[in-house]
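Chemist: sequence and predicted structure below; questions after.
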Amino acid sequence: MKKSDYPTLPKRVFQSPLIEYANFADGSFVTLIRLVKPYANGNAYAVYETTKSTFCSNGLFKTYDQAKAKFELMVKNGSLESELIERNVTTNGIYSSKDDRPFHWTKRNTKTKYLYVKDGERFNISEFPSFHKSGSILGMRKLYYGKDALLVRCGGYIYNVTSKPEIYLAAH
């Protein structure tokens, strides 16, 4: 099968935000793209490549996990043809909107919750960014964490557990 026999991607793909990319020394690249307008059949992600590897091909995918797996495989195959010189993740994110996220953030669930000290130890909460309970929650949200930060008080400190929402959900 010749490289030109692989599927060409529609125009919509190239007008959508880039999530991750890998550049090779020969000028080729592999990109992971989130479609701004997913297709009715569920395709919401695309992988586009220009490598010389015969094992690589463009494609549309329904889930991020499928697209990410294909991206990783194409980066690996592309690395066999040319040296990988740069690989990075953009700030565009994998979700097209807040509604697509596994946990929907609303103003209602941004209050500070309480976590028992024993539960805090179990979650290893001391590894998260924190400030003393006498500090300003609004100030910390405004200056450092963002208005949607998930904050949990455990003992004498308030921890930002946004990176692990399951801790916030387990708190009272």
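Modeler: Happy to help now that I have it.

Chemist: alpha carbons only for contacts and neighbour counts from here, please
Modeler: OK.

Chemist: now Thr51. Its backbone dihedrals?
Modeler: Backbone dihedrals for Thr51, given as degrees, to the nearest 10, come out at phi -70, psi 170.

Chemist: got the contact list for it?
Modeler: Ser28, Phe29, Val30, Gly78, Glu81 (CA atoms under 8 Å, 6 or more residues apart in numbering).

Chemist: so how far is Glu83 from it?
Modeler: Distance, Thr51 to Glu83, by CA to CA, to the nearest Å: 11 Å.

Chemist: same thing with Asp26?
Modeler: 8 Å.

Chemist: likewise Tyr159?
Modeler: 42 Å.

Chemist: show me what counts as buried in stretch 60-68.
Modeler: Using 16 or more other CA atoms under 10 Å as the test for burial, stretch 60-68 gives Leu60, Phe61, Tyr64, Ala67, Lys68.

Chemist: mean confidence for that stretch?
Modeler: Confidence over stretch 60-68 (mean pLDDT, whole number) is 89.

Chemist: tell me the helix or strand right after the helix or strand encompassing Met74.
Modeler: Met74 belongs to helix 64-81 when assigned by DSSP states H and E. Downstream of helix 64-81, the first helix or strand assigned by DSSP H and E is strand 84-89.

Chemist: send the alpha carbons of the least confident helix or strand in the chain by mean pLDDT over as CSV?
Modeler: Lowest on mean pLDDT, DSSP states H and E among the helices and strands of the chain sits helix 11-14, with a mean of 82. The C-alpha trace of helix 11-14 is given here as CSV (Å, rounded to 0.1, in the frame of the first residue of the first chain):
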residue,chain,number,x,y,z
LYS,A,11,-10.7,20.5,6.1
ARG,A,12,-12.4,20.7,9.5
VAL,A,13,-9.4,18.9,11.1
PHE,A,14,-7.0,21.6,10.1
